[in-house]
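Trainee: Sequence below, structure please.
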Amino acid sequence: MYPGSMSDLDLDHILRELAAREPIFHRREFGTSRADLERMTDDNFWEIGASGKVYQRGYAIETSLARYENGPEPHEWPCRDFTITMLTDRLFLLSYILEEPQRVTRHSTIWRRADDGWKVVFHQGTPTV
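Mentor: Numbering: from 1, shown residues only. Okay, the predicted model is just below:
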């Protein structure tokens, strides 16, 4: 955190806000339409999957829309050990551990606070073992 730029209470509030949105594209309460997904992702969004492959915004949106058509999520997507780092006054790095049924992964997401809400800029998932 940059000295004098934000209080710890403000950062705790942002941590709670962003943690509620993770893992991205699996929290349906933030929307499941193409418009919802486009609104929450930066135009230049990209991610590195747990496989090491790079995916662009269009692929992430299309894959999410197809998954939403298949009904409820297969499990709860439990996340833990959230940390947050303020990169600039409107850019935050959120890190956490995701415990899926078959693997545990460490995730990092860069979020930008925009005038119309939170936008995902970058995401990476890495297997822990």
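
Trainee: So, low pLDDT: which residues of the protein?
Mentor: 1-6, 9 (pLDDT under 70).

Trainee: So which residue is dead centre in it?
Mentor: Here the mean C-alpha position of the chain is nearest to the C-alpha of residue 24 (Cα atoms, centre = their mean), at a distance of 3.9 Å.

Trainee: In this structure that residue contacts residue 110, no?
Mentor: No. The pair residue 24 and residue 110 does not pass the contact test of Cβ atoms under 8 Å, sitting 10.9 Å apart. Glycine gets a C-beta too; all of them are placed from N, C-alpha and C.

Trainee: separation between the residue nearest to the centre of the chain and residue 108?
Mentor: 11 Å (Cβ to Cβ, to the nearest Å).

Trainee: for residue 43, same thing?
Mentor: 20 Å.

Trainee: Residue 32 now?
Mentor: Here residue 32 is placed at a distance of 24 Å from residue 108 (Cβ to Cβ).

Trainee: Now list whatever residues contact both of residue 24 and residue 110.
Mentor: Contact criterion Cβ atoms under 8 Å, 6 or more residues apart in numbering; residues bridging residue 24 and residue 110 by contacting each: 120, 123.

Trainee: Who are the contact partners of the residue nearest to the centre of the chain?
Mentor: Going by Cβ under 8 Å, 6+ apart, residue 24 touches 40, 109, 120, 123.

Trainee: Who does the third one form a beta bridge with?
Mentor: Under the criterion DSSP bridges, residue 120 forms beta bridges with residue 41, residue 111.
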